[in-house]
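Visitor: Let me see the structure of the following:
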Amino acid sequence: NESLDRIIFIESIGFSNNIINLIKNCYKLLKKGGKLYIRTIIIPTSNYKFINNELNEIQKNLNGKLYYDDNIIYFLQNAGFKDIKTSSIPLIYSENLDNVSFVNTIYKLKLLSLKKIWASFSMSTGIYVATK
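Guide: Numbering: from 1, shown residues only. Next up is the predicted model:
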C-alpha cells in the first residue's frame, strides 16, 4: 500500500473486468500526491439510436469496454482521487495513427466504413490525470 508514485494505463483500462475495483486498488497503491494516468477511447452520449447501435456493435467487436467521459470521472472521484484533469481529441486525430497495431484495430472494427463513420467520428481519445 502507498508505494507507487505513478500508475499509467495506455489504451488498456477497457480490458478490466471491474474498472471500479481496479481504480480503487490503484488509489490504495499510490503514495499521497501520487498520480494515475489513463488514456483510453471514450464514446459520446448520444440521443441518436443509429449511433448508439453502431457504438454497441463496435464495442462487441473490440473485446473490451468503452466508457463515457462522465463514467471515467465518476470512477476516479468515487475512488477518492482529486484534482482530476481531462482532455480529449477525436479518435481520427489520435497520435496512434502511426501505430500499426492501432491502425489494424481501426480497420478490423471497420471504423472508416460508411456504415460506422458517424459513430467513429464521435469517438475520442480521452486522457485523465488524477491525484491521490
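
Visitor: Tell me which residue is most central in this protein.
Guide: The residue lying closest to the centre of the chain (C-alpha atoms, centre = their mean) is residue 40, at 2.7 Å.

Visitor: How about that one: which residues does it bridge to?
Guide: Beta-bridge partners for residue 40, by DSSP bridges, are residue 126.

Visitor: I'd guessed it sits against residue 8; true?
Guide: No. The pair residue 40 / residue 8 is not scored as a contact, 11.6 Å apart, by C-beta atoms under 8 Å. All C-beta spots, glycine's among them, are computed from the backbone N, C-alpha and C.

Visitor: separation between residue 86 and residue 121?
Guide: Residue 86 is 20 Å from residue 121, where distance means C-beta to C-beta, to the nearest Å.

Visitor: no, scratch that, I was asking about residue 20
Guide: With C-beta to C-beta as the criterion, residue 20 and residue 121 are 29 Å apart.
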